[in-house]
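# I'd like to go over a predicted model; first the sequence, then the structure.
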Amino acid sequence: MKNIVILISGNGSNMAAIVQTAHLEHWATQWDVHVAAVISNKTDAKGLDFARSHGIATEVVNHKAYANRENFDAAIVQHINKFEDANHPALVVLAGFMRILTPDFVNRYAGRLVNIHPSLLPAFPGLHTHQRALDAGCKVAGATVHLVTPEIDHGPILAQAIVPVLSDDTADTLAARVLTQEHLIYPRAIAKLLQIS
Ligand code: GAR
């Protein structure tokens, strides 16, 4: 069995899209691939309800309860450990997970740690991507799925989606257009990485 462990901080709509695609495409029966767990650093992350209602194990690891990033990351590793062993390494998927991970964490999961970022990387790493794209006068925007490396929002690109920027866009309308595409490319990029499509 290949387990996917998804880390979220909020709505979890990308996580839900991955779970729904896995279900629709029968990843479990066809490929023995499962979304095994959802871990949130926020107790009230909306995505936790979706995960629970779909029978997925959930964990909350509140970053505020840890003295430093190293201890927080170590607690997350402990939870991920429950869903993998030496013969079955998990795929660790960041889906709107808004914490910076330590290099030790990133290196531990090298090649099997993926992220989605709401910009056309390498443009606009970091926060407030949609407003920055509008401020820069971009005519297109988009999202990027990439392997995670220690440098934030860098790493080999696995997939991108492009959307137009409309003249009356706000950061919110642009974010919504980009998010629709995120829901399409993230499950596909994961399937490709796992060689199940
Ligand atoms: C998504 O737009 C994702 O790309 C972004 O947060 C949103 C999470 O939405 N991620 C980042 O900004 C990471 N730096 P979701 O919780 O509904 O999936």
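Nice, thanks for sending it over.
# and the closest residue to residue 163 other than its chain neighbours, what does it touch?
In space, and not counting its chain neighbours, residue 163 is closest to residue 177: 4.7 Å by C-beta to C-beta, 6 or more residues apart in numbering. (Glycine included, C-beta is placed from N, CA and C.) Contact criterion C-beta atoms under 8 Å, 6 or more residues apart in numbering gives 141, 163, 164, 169 as the residues in contact with residue 177.
# now distance to residue 15, pLDDT and neighbour count too, for the residues you listed, in CSV please.
Supplementary listing: the contacts of residue 177 in CSV, determined by distance: C-beta to C-beta, whole Å; pLDDT from 0 to 100; neighbours: other C-beta atoms under 10 Å:
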residue, distance to residue 15, pLDDT, neighbour count
141, 22, 98, 27
163, 21, 98, 18
164, 26, 98, 13
169, 26, 98, 19
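# next up, the contacts around the one residue in the chain that gets nearest to the ligand.
Of the chain, the residue with the smallest distance to the ligand, taken as C-beta to the nearest ligand atom, is residue 96 at 2.6 Å. Remark: with contacts taken as C-beta under 8 Å, 6+ apart, residue 96 is in contact with 8, 9, 10, 11, 12, 13, 14, 15, 47, 116.
# same check on residue 188?
Contacts here follow C-beta under 8 Å, 6+ apart; on that basis residue 188 touches 21, 159, 197.
# can you count the residues close to the first one?
Right, the one you point to is residue 21. Applying the criterion other C-beta atoms under 10 Å, we find 19 residues in the vicinity of residue 21.
# per-residue confidence for the nearest residue to it once chain neighbours are set aside?
In this structure, residue 21 finds its nearest non-sequential neighbour in residue 187, 3.6 Å apart by C-beta to C-beta, 6+ apart. As summarised for this prediction, residue 187 has a pLDDT of 98.
# so is the helix ranked longest in the chain next to the ligand?
Among all segments of the chain classified by DSSP state H, the helix with the greatest residue count is helix 171-193. Yes - for helix 171-193, a contact with the ligand is found by C-beta under 6 Å from any ligand atom, at 179, 182.
# which parts of this structure sit against the ligand?
Proximity of the chain to the ligand is assessed by C-beta under 6 Å from any ligand atom, with 8, 10-14, 95-96, 116-118, 143, 179, 182 identified as the residues in range.
# which among the residues you listed end up buried?
Buried subset of those (neighbour count, 16 or more other C-beta atoms under 10 Å): 8, 10, 12-14, 95-96, 116-118, 143, 179, 182.
# among these, which are in helices?
Among those, the ones falling in helices (DSSP H) are 13, 14, 179, 182.
# which of those residues sits closest to residue 59?
Using C-beta to C-beta, residue 14 is the member of these that lies nearest residue 59, at 18.0 Å.
# show me the helices in the chain, by range?
All helices of the chain, identified by DSSP H, fall at 13-24, 27-31, 47-53, 69-81, 103-108, 129-135, 171-193.
# which residues outside the first one are in contact with it?
By that I understand helix 13-24. For helix 13-24, contacts defined as C-beta under 8 Å, 6+ apart pick out 4, 6, 8, 27-28, 33-35, 38, 47, 50-51, 54, 56, 93, 95-96, 116, 179, 182-184, 186-188, 190-191.
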